[in-house]
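1. I would like to see how this sequence folds:
(6 chains)
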6 protein chains.
Amino acid sequence: MSDIPAWARPSGRPADQLRELKLEPGFARHAEGSCLIRMGVTEVLCTASVEGRVPPFLRGKGQGWVTAEYGMLPRATHTRGDREAARGKQSGRTQEIQRLIGRSLRAVTDLKAMGELSVVLDCDVLTADGGTRCAAITGAWVALHLAFQHCIRSNIMSANPLRDQVAAISCGIHQGTPVLDLDYAEDSSAHTDGNFVMTGSGGIVEIQATAEGAPFSEAELTGLLGLARKGTAELFAAQRAAVGA
Amino acid sequence: MSDIPAWARPSGRPADQLRELKLEPGFARHAEGSCLIRMGVTEVLCTASVEGRVPPFLRGKGQGWVTAEYGMLPRATHTRGDREAARGKQSGRTQEIQRLIGRSLRAVTDLKAMGELSVVLDCDVLTADGGTRCAAITGAWVALHLAFQHCIRSNIMSANPLRDQVAAISCGIHQGTPVLDLDYAEDSSAHTDGNFVMTGSGGIVEIQATAEGAPFSEAELTGLLGLARKGTAELFAAQRAAVGA
Amino acid sequence: MSDIPAWARPSGRPADQLRELKLEPGFARHAEGSCLIRMGVTEVLCTASVEGRVPPFLRGKGQGWVTAEYGMLPRATHTRGDREAARGKQSGRTQEIQRLIGRSLRAVTDLKAMGELSVVLDCDVLTADGGTRCAAITGAWVALHLAFQHCIRSNIMSANPLRDQVAAISCGIHQGTPVLDLDYAEDSSAHTDGNFVMTGSGGIVEIQATAEGAPFSEAELTGLLGLARKGTAELFAAQRAAVGA
Amino acid sequence: MSDIPAWARPSGRPADQLRELKLEPGFARHAEGSCLIRMGVTEVLCTASVEGRVPPFLRGKGQGWVTAEYGMLPRATHTRGDREAARGKQSGRTQEIQRLIGRSLRAVTDLKAMGELSVVLDCDVLTADGGTRCAAITGAWVALHLAFQHCIRSNIMSANPLRDQVAAISCGIHQGTPVLDLDYAEDSSAHTDGNFVMTGSGGIVEIQATAEGAPFSEAELTGLLGLARKGTAELFAAQRAAVGA
Amino acid sequence: MSDIPAWARPSGRPADQLRELKLEPGFARHAEGSCLIRMGVTEVLCTASVEGRVPPFLRGKGQGWVTAEYGMLPRATHTRGDREAARGKQSGRTQEIQRLIGRSLRAVTDLKAMGELSVVLDCDVLTADGGTRCAAITGAWVALHLAFQHCIRSNIMSANPLRDQVAAISCGIHQGTPVLDLDYAEDSSAHTDGNFVMTGSGGIVEIQATAEGAPFSEAELTGLLGLARKGTAELFAAQRAAVGA
Amino acid sequence: MSDIPAWARPSGRPADQLRELKLEPGFARHAEGSCLIRMGVTEVLCTASVEGRVPPFLRGKGQGWVTAEYGMLPRATHTRGDREAARGKQSGRTQEIQRLIGRSLRAVTDLKAMGELSVVLDCDVLTADGGTRCAAITGAWVALHLAFQHCIRSNIMSANPLRDQVAAISCGIHQGTPVLDLDYAEDSSAHTDGNFVMTGSGGIVEIQATAEGAPFSEAELTGLLGLARKGTAELFAAQRAAVGA
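-> Residues are numbered from 1 along each chain as shown, chains lettered A, B, ... in the order given. Alright, predicted model coming up:
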């Protein structure tokens, strides 16, 4: 796919190229697991906190739970946004994203193998330049893996309950061409935008694809899915390197 | 597709059969446009309210806006849920759904043709049995169409700003088979569940597909999309009948 | 009283005539008891939900509890009102009304005969045209009666804890004349407005009478009370028909 | 009526006797008008604050507005209650009471004569022993009168916009006998409890009468009304003395 | 220090003179301990409520807790402020003050000698003219002492857990001169303002000193501390008189 | 002072030694000014956002405003804390800290020289190990200085409105000895704890000193102040290096 002209994208990247990717495992000093993920300018700090209890609806059922919270520092963005704590409520967008992160990680976790423990994944955006929810999922998997390893070292668990890897990437249709890993400028000008959450073994966990302007076709969807498969393959390799697997 | 054995589904329906569908345009006495939509037991009252102002970010730009709110009566469900007004906030699920409804209707509306008016679509679930967000989108289109007709009769608009129809249907993988229009029992047991928002002219506005258990494959996604296309074709016919088009 | 000239009221009804009344028991598919009540254009859906617990202040006291919540769909009214769930709090008016409904139903319920169960009465206004709180009380009695019958059929109760009927009606002074069952137009122009909650055996459970402009006299109060007695007699008959008593 | 045996009431008062009444006009140092009212142990501080604006729905209509807020110090009661500011919302009871106080005072105020000014009546209960809402209305009238006098002295108004006096008293049925001005112990044991808001010229502004146990009869209502008339006559005299009229 | 010219202060007081001080123990009828403190025009009602439980973090540790809440009546001030209960949250200032009051009283209480009881100190400002947080601390000590005496009389405690007295006073730099006990006018014009919380035995519990304009020097701090020592000595004497010690 | 035995402190540092200090100016990509400050393990990201408006109370007065917000990532601490945005309100501690930061920076800013602009300082704690509010003040000064330089380069301002430097450090009494710059372990065991905000020219902007157990003496306060002076001298040098002054 690399013969697509680079000038088609604001970023100048070939259509199928990820932004520069960097994972820093163990960034947070106190968390059982953590990872700072950078995708280009986008920067998300993911921490995994192990707690010795489960939500009320799971008590006594002998299984665990994985959930996520998402936030953005007020000046992560080009112009300062309101602090959600000061406004007194989380936006619909925030809630939508943290529900997506939690579902994605649960999809690859053997909750029964966790025992009655919870892990809370906090994904906080330090700098935003598009793709923060996807970066959060990819980084959260590393943090979760490290937290489970910590539980094994502490003799709380005997094996890592993660059954597979999970990572996410955004793709979109930019000037009629499917392109991989949209930055903020590209996201704003793309007429279709999708987030693809995939597993290491090639399955699809979640697809959210939205036409911003004109509707899209099934052929375009297939094109986006192919790019996502290529992009997540690179993310999976980086995750494995980060957790030393 | 009707040779798929009916016993495969809790509802006993063939895999590609919609539930019984009924649209009652004009149900609400005071609204500029309204539609009570019933899909099997699921029942959603959609009203469209025309307001002579736009949100602050659009003031003076000579265009309109369409937005949606979604709610569920506390006893729409099998066991009573909390009243969101009493709890003091809308759940993440509620916000996610009302954002989806708003996006879907805006995708087929020529906002510039509206002038500086807003339409608020209120979608309130009287009885829930699966597929409420899809029913809301399908019914809201009828309410919106009627409200625009009302504006034309009142000489506020000269032509209907709706460029196309939009409708939505859920599909899922039930025991390995893609099935159309999940009811609550089917939704609970399906291992993959998707909502497909499509236009009358065959485009895709939004896809949200989620694996509840094992990930799904691209082939399964294609199967779901085919069913959605068949299902929305029937919804479009019912919408046209309801608005007298 | 039927010699009062019909032209005195915006609705054209004789002073002592109720609006057209219709009770649809069992309207809600999932609730233990329900009733859709229509009084003219006003339309309120009342559901009764049985819950196997009582509020903290009653725990271990061997008695039950009946409480109510009230809401209005945003476009139940002539112009759209804010959704209370979106605003994040219930108005003073909403709270005042739901407290009144709860008190009225408890006044005719033998709470000790319920055992440690609660019933929540949800009264949601689908269309508002005056008198919604009175309609809610009248309809809620039917829903509650049906829910208790459901408990008897399920062997949770041996007898119906309702000791009497309760119903409510508004009356007001319109152009110097007491009139029965005000619709919205009449309510807006009446200078005194009262809600009368009465029992099947002729007792008064609650009176709320308010002068909107000039104060009213004891004689006027007596006139309103006489009308309320006539109106509730008709409501009691309709309730009995609805529950098959 | 004074031949009713005193032993019938917990307080030992004759059925038609008010508690000891004391009005201290000008208690608050900064308010335009204020009154500390004591009825027995019940003690309510009422202040009237004049503000140079009206609520949005009245802007440009050339009339004023009178509104009220009600609060209770956490330890005004026998056992400490939650502080509403700490809980983050006002209870339904609080809202119901402050709406009643506002309506009652507006009923005797010529809003058009006020110009585009508002008066906020703050009624804060320092000690509660029954009858706080009635005491608040009676005391608020004094505070409002003094605030209007202050406006006249400051040349903001030329005449006092109060057209009449307004005062309120509670009455109830205690062991079958109508009694005047219930204290907390009596209120708890009365089977019917009513609040009567009346004008100096003998009209009724508002009646709220509620059966706590068995319903009450029209004859009992008439008895309560008679007592209320006697009680408010004494309150009117005390108000006139307090404002020097 | 009394040779500092009286004309230096808006109040005309010598630099080291307190405002007129009055403590009324037992002002609140229902509280276990209470004190109305007046310092000039400033007036704060302090009540101490004994509760038979401790916060969750102390359960089962065999010790007690003392905490405080602070509020201001809306018209305690020159112009009316919002009611915090109506606004739905306490301001940062309110929270800061109530945390200070709680810390100050805990500093002189032997929490282990209390048993598993809590005391809530409610400090409500009836009239504000500067120095309300200091007055609240001084008055709360009296209320707390009386509440503990009540516990001794009720055989809940055998000795008073208060180990020392605590009182507070504000001092500031007014036109270059350190002055004691600022009233509102002085507080507004002082360029440095400090609150000093001290114990009967001469120790310092808390100092909060803030430069409003130019920074202050260590020498100025020493001057303020000397005045605070003199002022609190007078407050301690008044406290002892109020509790009969 | 360096002859104080190092074993006296949990950290092993001499009594008058700061933790390792690192300032990274320009850390945040989008903000007009920013600084990541590390003091030992404590890590706070400070950003300065310039906004072209002032709060309502300053409109039209020809001056600017500087304000601050403070937050802590949920897993900045040893055990995860609630996310304030999810809880729906900021704690009293958070509000107290952000008010302190704002006051401290305003104390060295010539607000009139800013024009009608605001700067919001966001101080977000990435890792907490004691002294976060002091680190925030020190880092915020750098961010503010850089933001003003940005305004000069953009021709919005002609000179930097900062009149002086401001920095803050905590000191405490540990086992009877005054020590500088407490980390979390030391803060927990210190019996007195103070925060000292000082200016580059030697003035005191704010002192907050609190006895956690026994009260402290004036001599101890003097000792703490001396340490603070030494510590802030080092902070001022680091600030100047960070802004290239």
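2. chain neighbours aside, what residue packs nearest to the residue sitting furthest away from the middle of chain A?
-> Distance from the centre of chain A peaks at A:Gly60, with 30.4 Å (CA atoms, centre = their mean). Ranked by CB to CB, 6 or more residues apart in numbering or on different chains and with sequence neighbours excluded, the top spatial neighbour of A:Gly60 is A:Glu116, at 8.0 Å. C-betas here are computed from N, CA, C, even on glycine.
3. phi, psi for the one you found please.
-> According to degrees, to the nearest 10, the main-chain angles of A:Glu116 amount to phi -80, psi 60.
4. and the nearest residue to A:Leu235 once chain neighbours are set aside, what are its phi and psi?
-> Leaving aside its chain neighbours, A:Leu235 sits nearest to A:Ala167 (3.9 Å; criterion: CB to CB, 6+ apart). Note on A:Ala167: its backbone torsions stand at phi -150, psi 160 [degrees, to the nearest 10].
5. same question, A:Leu105
-> The main-chain torsion angles of A:Leu105 are listed as degrees, to the nearest 10 and equal phi -70, psi -40.
6. longest single helix anywhere in chain A?
-> In chain A, assigned by DSSP state H, the helix with the most residues is helix A:218-243.
7. show me what that one is packed up against.
-> Based on contacts counted as 3 or more CB pairs under 8 Å, 6 or more residues apart in numbering or on different chains; DSSP states H and E, the elements that helix A:218-243 packs against are strand A:21-25, helix A:132-153, strand A:166-174, strand A:177-180, strand A:192-199, strand A:204-211, strand B:204-211, helix B:218-243.
8. now do the second one, average pLDDT.
-> The average of the pLDDT scores along helix A:132-153 is 98.
9. just to revisit the earlier point, for chain E, see how far away the residue nearest to A:Leu235 is.
-> The span separating A:Ala167 from chain E equals 40 Å under the rule CB to the nearest CB, to the nearest Å.
10. count the residues that sit near the residue in chain A that chain C sits nearest to.
-> Sorted by distance to chain C under CB to the nearest CB, the residues of chain A start with A:Lys89, at 7.5 Å. Applying the criterion other CB atoms under 10 Å in any protein chain shown, we find 17 residues in the vicinity of A:Lys89.
11. ok, it - contacts?
-> Applying CB atoms under 8 Å, 6 or more residues apart in numbering or on different chains to A:Lys89 gives the contacts B:89, C:88, F:85, F:88.
12. most neighbours per residue, which of the helices and strands packed on helix A:218-243?
-> Of all those, strand A:166-174 carries the top mean neighbour count, a mean of 27, counting by mean count of other CB atoms under 10 Å in any protein chain shown.
13. tell me the strands beside that one, with direction?
-> strand A:177-180 (antiparallel), strand A:192-199 (antiparallel) (DSSP bridges).
14. let's have the ones you listed in TSV, adding mean pLDDT.
-> As requested, the strands paired with strand A:166-174 are exported to TSV (pLDDT from 0 to 100):
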stretch	mean pLDDT
strand A:177-180	93
strand A:192-199	96
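15. wait, which of these is closest to A:His30?
-> strand A:192-199 (28.2 Å; CB to CB).
16. coming back round to it: adding distance to C:Ile173, write the strands paired with strand A:166-174 out as a markdown table.
-> Shown next, in a markdown table, are the strands paired with strand A:166-174 (distance: least, CB to CB, whole Å):
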| stretch | distance to C:Ile173 |
| --- | --- |
| strand A:177-180 | 72 |
| strand A:192-199 | 62 |
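17. surely A:Ile37 forms part of a strand?
-> Yes: note on A:Ile37: a strand contains this position according to DSSP: H, G, I helix; E, B strand; the rest coil.
18. mind showing which ranges of chain A have poor pLDDT?
-> With pLDDT under 70 as the threshold, chain A has low-confidence stretches at A:1-7.
19. which single residue in it comes nearest to chain E?
-> Taking CB to the nearest CB as the measure, chain A has A:Gly88 as its residue closest to chain E, at 7.6 Å.
20. from B:Lys89, how far off is that residue?
-> A:Gly88 sits at a distance of 10 Å from B:Lys89 (criterion: CB to CB, to the nearest Å).
21. which residues are common contacts for those two?
-> By CB under 8 Å, 6+ apart, A:Gly88 and B:Lys89 have these common neighbours: F:Gly88.
22. contacting residues around A:Ser91?
-> Neighbour list for A:Ser91: A:84, B:95 [criterion: CB under 8 Å, 6+ apart].
23. any idea how far it lies from F:Ala85?
-> From A:Ser91 over to F:Ala85 the distance is 9 Å, taken as CB to CB.
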